[in-house]
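# Dropping the sequence and predicted coords here.
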Amino acid sequence: REKVEMTKEQRALMKAIVDAYNRHQIPQDVAKKLLQEQYSAEENFLLLTEMATSQVQVLVEFTKNIPGFLSLDREDQIALLKGSTVEAMFLRSAQVFSRKMPNGHTVVLEERIRKSGIPDEFMTPMFNFYKSIGELHMVQEEQAILTAITILMPDRPYVKDHQAVERLQETMLNVLRKLCVLQHPQEQQYFARLLGRLTELRTLSHYHAEMLTSWKMNDHKFTPLLCEIWDVQ
Ligand SMILES: Cc1ccccc1NC(=O)[C@H](C1CCCCC1)n1c(-c2ccc(Cl)cc2)nc2cc(F)c(F)cc21
């Protein structure tokens, strides 16, 4: 097979994305909190809305570092962000869940999440997604670029300049394709499997509004930012 090499530009692009991804991570580690103690459904819901609110804020900062994003039409930038925050949250949650942890911690973490207040019917699709992400053993470069690809989805609602977004996403896909060959030389279809997860992610994200509004508690309070960006309340 021909030798796969990244161009200088592709390496620079990847470095910019990974640096931005690492710089804009949520400060407090929610997994550590969940492992420490069992919270009530109300406390878990509050924790989720806090996590999700800060996740949206860091996602905005992350997208500013995606080369070319700020040259997109301003309204398209908003449409891309609004359309991808839920998927980015589940992708981030899956990456947190799949992190290598000391023996037994993942079991406890899964237990705490199962009892957090999320309605039971969403557990299977959610953990199936988390485990399918875990099986890929993504390196952090792949995680960062996959998040950028999720944000640069041309078919989000209300995007006007479809082509411009497609061009940016294509650049990212080319980098990811080469990265997958270099990082997983034994697995021919690794890149295809990785992209397949984005389909699973979109399906899971359809449930998110219902997951939140049917959280096992009364009176679900959302932050103004979440009301704005999620279709809740
Ligand atoms: C990890 C993160 C980073 C950024 C933003 C959000 C989050 N996510 C969260 O804080 C919530 C917590 C929240 C507290 C209750 C238990 C789940 N969370 C969810 C989740 C479940 C259902 C929905 Cl609707 C959304 C998210 N899946 C998780 C998997 C994990 F391994 C983990 F450690 C936390 C996880």
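Arrived safely.

# how much space is there between the residue nearest to S116 when sequence neighbours are not counted and G117?
Of all residues not flanking S116 in the chain, N44 sits nearest, at 4.0 Å (Cβ to Cβ, 6 or more residues apart in numbering). All C-beta spots, glycine's among them, are computed from the backbone N, C-alpha and C. To G117, N44 is 5 Å away according to Cβ to Cβ, to the nearest Å.

# hang on, the earlier thing: check the secondary structure at the residue nearest to S116 for me.
What DSSP: H, G, I helix; E, B strand; the rest coil gives for N44 is helix.

# what number of residues lie near it?
21 (other Cβ atoms under 10 Å).

# now D120
D120: 8 neighbours (other Cβ under 10 Å).

# which residues does it contact?
Going by Cβ atoms under 8 Å, 6 or more residues apart in numbering, D120 touches no other residue.

# roughly how far apart are it and K216?
Relative to K216, D120 is positioned 9 Å away (Cβ to Cβ).

# near the ligand, which residues of the protein?
26, 30-31, 34, 44, 47-48, 51-52, 55, 89, 92-93, 96-97, 109, 113, 116, 118, 208, 211-212 (Cβ under 6 Å from any ligand atom).

# If any of those are buried, put those into a PyMOL selection.
To isolate the buried members of these in PyMOL, using 16 or more other Cβ atoms under 10 Å:
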select buried, resi 30+31+34+44+47+48+51+52+55+89+92+93+96+97+109+113+116+118+208+211+212
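
# sorry, back to before: report whether the expected contact of the residue nearest to S116 with R114 is present.
No: look at N44 against R114 with Cβ atoms under 8 Å: they stay out of range, at 11.1 Å.

# Report the buried residues of stretch 77-87.
Buried-residue list, stretch 77-87, by 16+ other Cβ under 10 Å: Q77, A79, L80, L81, K82, G83, S84, T85, V86, E87.

# I'd say the third one and I151 touch.
Meaning L80. Yes: between L80 and I151 a contact is recorded at 5.7 Å, counting by Cβ under 8 Å.

# Mutual contacts of the two, please.
Contact criterion Cβ under 8 Å, 6+ apart; residues shared by L80 and I151: T63, F69.

# which among the buried residues of stretch 77-87 gets closest to the ligand?
V86 (8.2 Å; Cβ to the nearest ligand atom).

# Just give me how far the host helix or strand of the closest one sits from the chain centre.
Assessed by DSSP states H and E, V86 sits inside helix 74-98. Distance of helix 74-98 from its chain centroid, counting by Cα atoms, centre = their mean, to the nearest Å, is 5 Å.

# Likewise for stretch 152-160?
Taking mean C-alpha positions (Cα atoms, centre = their mean), stretch 152-160 and its chain are 17 Å apart.

# which of the residues in it are buried?
L152, M153, P154, R156, V159.

# Quick one: end-to-end length of it, please.
13 Å (Cα to Cα, to the nearest Å).

# what does it contact?
66, 69, 73, 75-76, 79-80, 82-84, 162-163, 165-166, 168-169, 172.

# Filter those down to the buried ones and hand me the PyMOL line.
This is the PyMOL syntax for the buried subset of the contacts of stretch 152-160, where burial follows 16+ other Cβ under 10 Å:
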select buried, resi 66+69+76+79+80+82+83+84+165+166+168+169+172
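
# Helices of the protein, start to end?
Listed in chain order, the helices of the chain (DSSP state H) span 8-23, 30-36, 41-64, 74-98, 105-114, 123-134, 140-151, 162-183, 190-206, 208-213, 224-229.

# Return the most buried member of those.
helix 140-151 (a mean of 22; mean count of other Cβ atoms under 10 Å).
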